[in-house]
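Sequence below, structure please.
(chains A and B)
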Amino acid sequence: MVGKMIKSLEFFIADLNIPIFHELSIFLDHPLGLLIVTSLLIFSMTVLFKQKRTVMPIVLMSLLLTSIFTVGAKFVYLDERPCISEKVECTESYSFPSAHSAIGFSLLLPSLGTPAFWFYLIYALILAFSRLYLGVHTILDVAGALGVAIIAYTISKFVILKIEMVAHEIRI
Amino acid sequence: MRSEFERQVFHIFLGFVFILMHLFLKREIFSIIMAFIIMGGLITIQIKMCYKIKIPYIDFFLRMFERPRVAPGLGSLWYCAGVFVTGLLFYSFNKFFAVVLMLAVGDGLATIFGIHGKHKLPWNKRKTFEGSFAFFAGSLTALIVYPFPITFFVIIVSTVIESIDFKLDDNALIPLAAGALYFLFK
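Prediction:
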């Protein structure tokens, strides 16, 4: 029953028509649009974050790993795209997990505990909702994106902190 | 302030709650619910860290689960994140069950016995042989639900990983390591 409710919710969101959000979703759907906005947000981190020397490498590595893991996971799970709306042309690539949403969550996780968190939360939610709005992903794909972002962030944090520790010991 | 014993009993109990949730809701719905829990957790931690506001029920949960003098909710968040990622990784319920048993029972017993241990590990002065042995013994329960040689291998590797000070929360490290091993050797 819960499964049917989730499917109905996915169809309901894909059937929505919100003019401003429609344009925004289509802009973010395009790789160039996503690249522009994500680059701007990464750049803004250099202004918003106090510990930028530690946070920036974690963010960049996390984004790189997220991209690798999402592409890898798509070819492991081989989930077909839902394509439940005609707002954009549905690509033939696999669906699980959502790469767009994973990028949003990858920016969100390092911002936890800073005032910038709310800013990145809104971006991550807009990005995730836009994938459902365009009907190119399911809610599970978006949830999977959060999982991928968590794995990528954990590994990145571990590696960068280890490198910093070693560098610190060498300096001493 | 709760004792470490009570905290770890709750840690084990919560693991079984997640196992039952996965059993009855199945992977898809379980993952979606966990994603919502984690998003809620992130927002709660942000509120607690930046604004220090008291939140009824959530504060009770944090008192049950969190150690004093650590960032509020981070341990719980890593625990949920570990279970969530494990749930996403596997279609097989038994593999999920095995990893969560290692996290809940193994890690829970490791702390309960480890804090009373007297023999410090040479490579990590914050942990003891007694704790590592308890982790290994507790994790052996995973063999009941997934009785294959790979499980024994995963338990040994997880025991070693748990004993090393990686500066990362064990709640994230154990499911990630165990999950990755199961995933690679499937």
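
neighbours of the residue in chain A that chain B sits nearest to, just the number please.
Nearest residue of chain A to chain B, counting by CB to the nearest CB: A:A143, 3.6 Å away. In this view, the C-beta of every residue, glycine as well, is placed from N, C-alpha and C. By the measure other CB atoms under 10 Å in any protein chain shown, the count of residues near A:A143 is 28.

Who are the contact partners of the closest residue to it other than its chain neighbours?
The shortest distance from A:A143 to any non-neighbouring residue, by CB to CB, 6 or more residues apart in numbering or on different chains, is to B:A35 (3.6 Å). B:A35 sits next to A:142-143, A:146-147, B:84 when contact means CB atoms under 8 Å, 6 or more residues apart in numbering or on different chains.

would you say B:R126 is within a strand?
Yes. B:R126 forms part of a strand when assessed by DSSP: H, G, I helix; E, B strand; the rest coil.

that older thread, from memory the residue of chain A closest to chain B sits against B:M34, does it?
Yes. If you go by CB atoms under 8 Å, A:A143 and B:M34 touch, sitting 7.4 Å apart.

what's the worst-scoring helix or strand of chain B on mean pLDDT packed up against?
The least trusted helix or strand in chain B, going by mean pLDDT, DSSP states H and E, turns out to be helix B:58-65, with a mean of 74. In terms of contacts (3 or more CB pairs under 8 Å, 6 or more residues apart in numbering or on different chains; DSSP states H and E), helix B:58-65 is packed against helix B:4-51, helix B:74-89.

Make CSV out of those and add distance to B:L184 and mean pLDDT.
Formatted as CSV, these follow (distance: least, CB to CB, whole Å; pLDDT from 0 to 100):
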stretch, distance to B:L184, mean pLDDT
helix B:4-51, 20, 90
helix B:74-89, 11, 88
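
How about the residues of chain A by chain B?
A:2-3, A:6, A:108-109, A:112-113, A:115, A:117-118, A:121, A:139-140, A:142-144, A:146-147, A:150-151, A:154, A:157-158, A:161-162, A:165 (CB under 8 Å from any CB of the partner chain).

Please flag which of those residues sit within strands.
If you go by DSSP state E, those have nothing in strands.

residues near A:T91, how many?
Neighbours of A:T91 (other CB under 10 Å): 11.
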